[in-house]
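In: Below: sequence and its predicted model.
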Amino acid sequence: MEKVFASSSDDMAKACLVDSAEINFIATARQRFRTGDMQPVRILIVDDSAVIRKLLGDLLASDPEIVVAGTAGNGSQALTRIPEVKPDLITLDIEMPGMDGLETLVEIRKLYPRLPVIMFSALTERGGTATLDALARGASDYVTKPSHREAPERSYERVQEELLRKIKSLCAARQPRPVAMPVPVLVSGLSARPQGRIDVVAIGASTGGPNALTELIPEFPADFPVPIVIVQHMPPLFTRLLAERLNALARLEVQEGKAGQRLQPGQVWIAPGGHHMTVARKGAEFVVGLNHDPQENSCRPAVDVLFRSVAQTYGANVLAVILTGMGTDGTRGSAAIREAGGEVIVQDEASSVVWGMPGSIVAAGLADRIYPLAGIGPEVVRRVSARRALTAAAHP
């Protein structure tokens, strides 16, 4: 972490060129697979529908680095098959007769606490609620089933792309992980920058994010003096359900973003699935904006879009937080925040489900500090309170 910036343009170049940890893994895995040094990732498909089991098998069979090691038609069969086929990852349907997906997941976690599990859920209110319940019970991630709202061919392509990407990211742990850095870690050269008043906290998260947010957001006190804006990679409906769940747990008001809403202290806004969320200045106020611009980093909402927006609108008065997640979304946006004079802190590898987004920012030299998840909430509160107190004292 001995990186010191030479110039703002250097920062942006580093941010645009950096590859995340799991992208490096995937490239390395492909080379090892070709040379015979690595076995394919073994998948156990659990679904009561024979049609879905075949569909998933066919979608996964397109990738030579993945093999369907077995299938099961219900939860009881799945628990029997796990020691037989020794999977590297399980795809698990939520709604099954008898022992359903949630009950099966609980049993899997008792016996195999580190075995990755991807839930296969319907894009419905019931499916969204069950998915959040599954994530809270230890599911690693989820993929939504083909929907009648999508063209069939596009729907299957989406499921295939999401499954392959998430399987490879979650199974990156089969590679030896780098030695964990002590936390918190200060990145050299950044502490000397002027530290100004913080007027907004912007958070980005993906895989593992709902649970991380469930732990983080309740840490903020009811009198937290600035608004919080969040991008969590999730589809429509799921983001509203997440906002409602967080609102029930938090001392702050948590809502899904609505165009034109004024940002106020003590409020938390989560970007709605299918929309990019921005922040704009309107006179003396700051308001939420939503758009359907093209995906960035294969995401909408995208962290980069929100982060660029707050950098442009708030300038140096931004504290950005990157939580667990796959990919590199947030890296370019973090570069924009740093260039504007703001700060970026990230979750550490040990407490992340996938250290893709945070690791990408660390690799780019854009992280001011790295904290375990349990330390992020108190640190955000400390920074916001201390900076605002200093500013108030300097301008009585």
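Out: Noted; the coordinates are in hand. Residues are numbered from 1 along each chain as shown.
In: Could you find the closest non-adjacent residue to the most centrally placed residue in the chain?
Out: In the chain, the centroid-proximal residue (Cα atoms, centre = their mean) is residue 206; its distance is 1.2 Å. In this structure, residue 206 finds its nearest non-sequential neighbour in residue 325, 2.7 Å apart by Cβ to Cβ, 6 or more residues apart in numbering. (Glycine included, C-beta is placed from N, CA and C.)
In: Now do the same contact list for the one you found.
Out: 204-209, 233, 352, 354, 356-358 (Cβ atoms under 8 Å, 6 or more residues apart in numbering).
In: ok, back up a step: relative to residue 153, how far out is the residue nearest to the centre of the chain?
Out: Between residue 206 and residue 153 the computed distance is 26 Å (Cβ to Cβ, to the nearest Å).
In: mind listing the strands for the stretch 151-300 of the chain?
Out: 185-186, 200-205, 228-232, 253-256, 267-270, 276-282, 285-291 (DSSP state E, counting those that start in this stretch).
In: what mean pLDDT does stretch 40-58 have?
Out: Average pLDDT, stretch 40-58: 95.
In: Can you give me the end-to-end span of it?
Out: End-to-end distance of stretch 40-58 (Cα to Cα, to the nearest Å): 16 Å.
In: quick one: buried residues of it?
Out: Using 16 or more other Cβ atoms under 10 Å as the test for burial, stretch 40-58 gives 41-48, 52-53, 55-56.
In: Setting the sequence-adjacent residues aside, check what's closest to residue 77.
Out: Leaving aside its sequence neighbours, residue 77 sits nearest to residue 46 (Cβ to Cβ, 6+ apart; 7.7 Å).
In: That neighbour and residue 72 touch, don't they?
Out: Yes. The criterion here is Cβ atoms under 8 Å, and residue 46 meets it with residue 72 at 4.7 Å.
In: Which residues are in contact with each of the two?
Out: Any residue near both residue 46 and residue 72 by Cβ under 8 Å, 6+ apart counts here, and that gives residue 78.
In: which intervals of the chain have sub-threshold pLDDT?
Out: Counting by pLDDT under 70, the chain contains low-confidence ranges at 1-38, 173-194, 391-396.
In: what's the single longest helix in it?
Out: Ranked by residue count under DSSP state H, the longest helix found in the chain is helix 373-394.
In: Which other helices and strands does that one contact?
Out: helix 209-216, strand 318-322, strand 343-347 (3 or more Cβ pairs under 8 Å, 6 or more residues apart in numbering; DSSP states H and E).
In: give me every residue that touches the closest residue to residue 261 other than its chain neighbours.
Out: Excluding the flanking residues, the one nearest residue 261 by Cβ to Cβ, 6+ apart is residue 288, at 4.6 Å. Neighbouring residues of residue 288 by Cβ under 8 Å, 6+ apart: 229, 257-261, 263, 269, 277-279.
In: so who does residue 66 touch?
Out: By Cβ under 8 Å, 6+ apart, the neighbours of residue 66 are 40-41, 43, 60, 164, 167.
In: between these, which is nearest residue 385?
Out: residue 167 (42.1 Å; Cβ to Cβ).
In: So that closest one sits against residue 89, correct?
Out: Yes. Using Cβ under 8 Å, residue 167 is in contact with residue 89, at 5.7 Å.
In: neighbours of residue 247, just the number please.
Out: The tally of other residues near residue 247 (other Cβ atoms under 10 Å) stands at 16.
In: Wait, it touches residue 254, no?
Out: Yes. Counting by Cβ under 8 Å, residue 247 touches residue 254, with 3.9 Å between them.
In: one step back: so which of the contacts of residue 288 is the most crowded?
Out: Going by other Cβ under 10 Å, residue 277 tops those with 28 neighbours.
In: Grab the nearest non-local neighbour of residue 120.
Out: Nearest residue to residue 120, sequence neighbours excluded (Cβ to Cβ, 6+ apart): residue 93, at 5.0 Å.
In: tell me the contacts of the one you found?
Out: Taking Cβ under 8 Å, 6+ apart, we find residue 93 in contact with 46-49, 52, 101, 119-120.
In: List the ones among the residues you listed that fall in helices.
Out: 52, 101.
In: Save the contacts of residue 93 as JSON lines, and put in distance to residue 138 too.
Out: Shown next, in JSON lines, are those (distance: Cβ to Cβ, whole Å):
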{"residue": "46", "distance to residue 138": "15"}
{"residue": "47", "distance to residue 138": "19"}
{"residue": "48", "distance to residue 138": "21"}
{"residue": "49", "distance to residue 138": "24"}
{"residue": "52", "distance to residue 138": "22"}
{"residue": "101", "distance to residue 138": "12"}
{"residue": "119", "distance to residue 138": "10"}
{"residue": "120", "distance to residue 138": "16"}
